[in-house]
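J.: Give me coordinates for this.
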Amino acid sequence: EALAADVSFALEAIAARDAEAEARESARIAHAESAALLRHSRDVVAILEPDYTVRWISESVEELTGHPAARYVGSRQLDVHADDLRAAMRQADHRLLGEPGDTALYTMRLAHRLGGWRWCELHVSNRLDDPLVRGIVANFHDITARKAANDDAAFRAHLLASVGEAVAAADQDGRITYMNRTALRFGGWTLEEVLGRPVLEVFPRPDAGASIHEVMRTVTAGRSWNGELAFDLPDGRRMWIMANLTPIREGEGAGGVIGVATDITARVHDRERLEFRERMQIEVARLGQFALGTPELHDVARAIAESAGETLGLDACTISEHIGADRTLIRASWGTYPIPPGAEPATSGKLDLSRIGELDAPLQVDDFESHPFFAGTLPPEGSAYRSGVIVPIGRPARRYGSLTALSAATRSFPAEELRFLESLANILSTAVERAEADRRLTAMGLHDALTGLPNRVLLRDRIDRATAQASEGPHTLAVLLVDLDR
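T.: Residues are numbered from 1 along each chain as shown. Next comes the predicted model:
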């Protein structure tokens, strides 16, 4: 029995020894694995004493700062930027050392051996109550690249927000993903109001400028587009921009579009005004040449009424002749004016035409029905036209009539349009004077200067006409000569 007990005890001792050896080997392997993990990890782990002296730090610190781990052990100097260290110490005094288990997160800079700073995200945990640690565990995570990217993104965002040009971006579905302050000021929007909305909903396109379909075909094909675009703002104003649209590439295809635009509304308006002035000048020159080569006064009047209406976008235009003190005859009309040439308008016989004769400048009428000059002269149903301009034709001493520009809606006539109408009236006035001069010269050639009676030239003209008419039909021509004695 004693032998059996000894053998059993020996076997148990051997088993205990083997188990202990196996446990030590497992611990060694685990320690080696932990050491290798800490050595090759990009993060740095350190254990600090309560006074922040480094008790232990992982070898990966050399990858972070360029210094070996031994440089830091036993030291309180981690080469932290002074500003970041002061901020961290203030935070630690209030939050970290108060109670075991507390944690804190800092962002700080560590000096690198080759110069410069490495940004780190530092997670600190108070483990003073843990018997296996009895210290403060610090985990350093290198965020230098992320910080640089964030700073670069923030700088770009600030740059885009600060530039004078409008910048906007949209995804491949045409929905807005970004607009800077300049672009938002176009319509008085906030960024929240436009994000995710379709571009054509935020920037409704009128029938002006380049075709939006042409623009979209170009951009979706992966090519940039540059040109003028117009859109209507929420307050009803039309805005013109010079836009440069560039596709955003993602992988093999376009992932959206970014646009840079400059407000050229004032420039477009200036250009339109110059083009309009040029068109008016061309019309004045054309009609002047036409009047010189056209003997018929009614043809000149009709051409002038048509030019005034089409150039100024009127609803109607008339040229009337003044007969006596109050009668008016329509000599030419254009547009929606209902009275034909040769007829008298509703105001004929009711207006004091001498007042028009006394005008030395165009009379601009904002509202015919309320204007004192037309009080009591309009038909009971009122006027079909709201606004207009009356331009006298002829010199003050000899007024032929007036040119009237009519608009169904309320509108004003800028000074350049008034000058254009005056130029047309002057052309017609010159044509009238030339026609009257032609009639006077013809009368002088066909009548005796002393008595005013027809002369031999007129007699021969009338005989020639009568002879021509008689030869065309069954008529006999007879000439009777009467001698009048004194």
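
J.: C-alpha from now on. contacts and neighbour counts both.
T.: Noted.

J.: quick one: low-confidence ranges for the stretch 1-150 of the chain?
T.: The stretch 1-150 of the chain contains residues with pLDDT under 70 at 1-7, 9, 11, 18, 21-42, 91-98.

J.: What of the stretch 301-450 of the chain?
T.: For the stretch 301-450 of the chain, the ranges with pLDDT under 70 are 325, 346-358, 376-382.

J.: Could you rerun that using 80?
T.: By pLDDT under 80, the low-scoring segments of the stretch 301-450 of the chain are 324-327, 344-360, 372-383, 396-398, 435-450.

J.: Would you state the strands of it in chain order?
T.: Ranges of strands in the stretch 301-450 of the chain, per DSSP state E, counting those that start in this stretch, are 316-323, 327-335, 363-365, 387-395, 398-407.

J.: can you give me the helices in the protein?
T.: In the chain, the segments counted as helices under DSSP state H are 2-40, 61-65, 82-95, 144-162, 181-187, 191-194, 199-202, 212-220, 265-293, 297-312, 353-357, 415-446, 456-471.

J.: Let's have the ones you listed in JSON lines, adding mean neighbour count.
T.: As requested, the helices of the chain are arranged in JSON lines below (neighbours: other CA atoms under 10 Å):
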{"stretch": "helix 2-40", "mean neighbour count": "12"}
{"stretch": "helix 61-65", "mean neighbour count": "20"}
{"stretch": "helix 82-95", "mean neighbour count": "13"}
{"stretch": "helix 144-162", "mean neighbour count": "13"}
{"stretch": "helix 181-187", "mean neighbour count": "18"}
{"stretch": "helix 191-194", "mean neighbour count": "14"}
{"stretch": "helix 199-202", "mean neighbour count": "16"}
{"stretch": "helix 212-220", "mean neighbour count": "15"}
{"stretch": "helix 265-293", "mean neighbour count": "15"}
{"stretch": "helix 297-312", "mean neighbour count": "19"}
{"stretch": "helix 353-357", "mean neighbour count": "17"}
{"stretch": "helix 415-446", "mean neighbour count": "17"}
{"stretch": "helix 456-471", "mean neighbour count": "13"}
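
J.: got these as CSV, with distance to Cys120 columns?
T.: Converted to CSV, the helices of the chain look like this (distance: least, CA to CA, whole Å):
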stretch, distance to Cys120
helix 2-40, 17
helix 61-65, 9
helix 82-95, 11
helix 144-162, 7
helix 181-187, 33
helix 191-194, 33
helix 199-202, 41
helix 212-220, 42
helix 265-293, 50
helix 297-312, 71
helix 353-357, 88
helix 415-446, 70
helix 456-471, 115
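
J.: returning to that earlier point: looking at the strands of the stretch 301-450 of the chain, spot the one closest to Ala16.
T.: Smallest distance to Ala16 across those (CA to CA): 114.6 Å, for strand 398-407.

J.: buried ones in the closest one?
T.: Arg399, Tyr400, Gly401, Ser402, Leu403, Thr404, Ala405, Leu406, Ser407 (16 or more other CA atoms under 10 Å).

J.: Looking at these, which one is closest to Ser75?
T.: Among the buried residues of strand 398-407, and counting by CA to CA, the member closest to Ser75 is Ser407, at 91.9 Å.

J.: Isn't the closest one up against Asp315?
T.: Yes. Ser407 is in contact with Asp315 according to CA atoms under 8 Å; the separation is 5.1 Å.

J.: picking that back up, of the helices of the chain, which approaches Arg249 most closely?
T.: Of those, the one closest to Arg249 (CA to CA) turns out to be helix 212-220, at 10.4 Å.

J.: from the chain's centre, how far out does that closest one sit?
T.: 18 Å (CA atoms, centre = their mean, to the nearest Å).

J.: and it, what does it pack onto?
T.: Judged by 3 or more CA pairs under 8 Å, 6 or more residues apart in numbering; DSSP states H and E, the packing partners of helix 212-220 are strand 225-232, strand 238-250.

J.: a markdown table please, covering these and showing mean pLDDT.
T.: A markdown table is the format used below for the helices and strands packed on helix 212-220 (pLDDT from 0 to 100):
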| stretch | mean pLDDT |
| --- | --- |
| strand 225-232 | 87 |
| strand 238-250 | 85 |
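
J.: Kindly reformat those as CSV containing distance to Glu422 and mean neighbour count.
T.: CSV is the format used below for these (distance: least, CA to CA, whole Å; neighbours: other CA atoms under 10 Å):
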stretch, distance to Glu422, mean neighbour count
strand 225-232, 34, 18
strand 238-250, 31, 18
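
J.: Take the strands of the stretch 301-450 of the chain and lay them out in TSV including distance to Met239.
T.: Shown next, in TSV, are the strands of the stretch 301-450 of the chain (distance: least, CA to CA, whole Å):
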stretch	distance to Met239
strand 316-323	30
strand 327-335	31
strand 363-365	30
strand 387-395	28
strand 398-407	26
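
J.: Out of these, which gets nearest to Leu484?
T.: So among these, strand 316-323 is nearest, using CA to CA, at 39.5 Å.
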